[in-house]
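Peer 1: Got a predicted model here, sequence first, then my questions.
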Amino acid sequence: MDRTFTDPTRISIQVSLSGFSFNGRPWLTAEHVFTTPELQHKYEVVEISLLTPKVTLVPDAFLEPASARKILAGVASLRETDVVETVPVPAFSATLVYSLSLDESLSRVVAQTVIPVSGEPVRVLPELYFLLRELDNIPDYNKIVASWHGGWLHLVIAQGKSLCLANVFEAPDFTTAEYFIFLALKRLQLNPEVSTVHFRTPLDTEAEMSLYRYFKSVVQL
């Protein structure tokens, strides 16, 4: 990978149904939460995301508080007991509507275990929120940011300041994840050979080499 996240003052943790990863490290199972030294420290910044497929980005002009659940139910499978939340994304004058109700408790355990210096509770947010935020840190004109784990590909694509795509695709294996990435690029008429793909989730060597066959570069965020 082109760079590795090593800032000792902050930690970024991603949680899925099958485990967790932090700062681009390989995935660990739930029992490692209380034995991983890095999770026992206090950090100035603690970010925790859940790779939930129950998420959609809605322009603020089309969103009313009472309509959030109905909008999310139109693109994701919701149960009556699912809690629907929102978080603003002002850079795109939009709001993420999402649910963290995935029959998992690991994200809550992690949030209670990793305490920031301030002592303030950490809000768990959908992975798509952090992908959208990452766009500002990418200097390229073609901005491609993705996460893949637990059978879901989270993908955000922008050109300059224009957001072209923000979506989650069901991808049980990495070959399927690649298919959706290339399908999106084809529809947007973007050439992977002159583009860099950025991944927030860790990639094994086989997945990384597969991407390098098509993209100019592969960067681990």
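Peer 2: On my side now, so go ahead. Numbers count the residues shown, from 1 in each chain.
Peer 1: Now do the lengthiest helix in the chain: distance to the chain's middle.
Peer 2: Ordering each helix of the chain by length in residues (DSSP state H) puts helix 174-187 first. Centroid displacement of helix 174-187 relative to its chain, using Cα atoms, centre = their mean, to the nearest Å, is 17 Å.
Peer 1: Check stretch 121-130 too.
Peer 2: Centroid separation between stretch 121-130 and its chain, computed with Cα atoms, centre = their mean, is 9 Å.
Peer 1: again, but for stretch 106-118
Peer 2: For stretch 106-118, the distance to the chain centre is 18 Å (Cα atoms, centre = their mean).
Peer 1: for stretch 134-150, same thing?
Peer 2: Remark: stretch 134-150 is offset 10 Å from the chain centroid, using Cα atoms, centre = their mean.
Peer 1: repeat for stretch 105-119
Peer 2: That offset, for stretch 105-119, works out to 18 Å (Cα atoms, centre = their mean).
Peer 1: Stretch 136-155 now?
Peer 2: Stretch 136-155 sits 8 Å away from the centroid of its parent chain (Cα atoms, centre = their mean).
Peer 1: Buried residues of stretch 150-168, list them for me.
Peer 2: Neighbour-count burial for stretch 150-168, counted by 16 or more other Cβ atoms under 10 Å, picks out 150-158, 163-164, 166-168. C-beta: built from backbone N, CA, C; applies to glycine.
Peer 1: Wasn't residue 146 part of a helix?
Peer 2: No - assessed with DSSP: H, G, I helix; E, B strand; the rest coil, residue 146 is strand; it does not lie in a helix.
Peer 1: which residues does it bridge with?
Peer 2: Beta-bridge pairing of residue 146 under DSSP bridges involves residue 155, residue 199.
Peer 1: What is the neighbour count of it?
Peer 2: Residue 146: 25 surrounding residues under other Cβ atoms under 10 Å.
Peer 1: Report the contact partners of the most centrally placed residue in the chain.
Peer 2: Compute the mean C-alpha point of the chain, and by Cα atoms, centre = their mean the closest residue is residue 127, 2.8 Å away. For residue 127, the contact set (Cβ atoms under 8 Å, 6 or more residues apart in numbering) comprises 14, 49-52, 147, 154, 200.
Peer 1: at 7 Å what do you get?
Peer 2: Contacts for residue 127 (Cβ atoms under 7 Å, 6 or more residues apart in numbering) come out as 14, 49-51, 147, 154.
Peer 1: Please identify which of these is nearest to residue 211.
Peer 2: For those, the closest approach to residue 211 (Cβ to Cβ) belongs to residue 147, at 13.5 Å.
Peer 1: pLDDT at the closest one, what is it?
Peer 2: For residue 147, the model assigns a pLDDT of 98.
Peer 1: now swap in residue 1 and tell me
Peer 2: You'll see residue 1 listed with a pLDDT of 38.
Peer 1: same question, residue 165
Peer 2: Reading off the model, residue 165 has pLDDT 98.
Peer 1: And it, how far from residue 132?
Peer 2: 11 Å (Cβ to Cβ, to the nearest Å).
Peer 1: residues shared between the contacts of the two?
Peer 2: With Cβ under 7 Å, 6+ apart as the test, residue 165 and residue 132 both reach residue 156.
Peer 1: mind listing what the residue lying farthest from the centre of the chain touches?
Peer 2: Centroid-distance maximum for the chain: residue 66 at 25.9 Å, with Cα atoms, centre = their mean. Contacts for residue 66 (Cβ under 7 Å, 6+ apart) come out as none.
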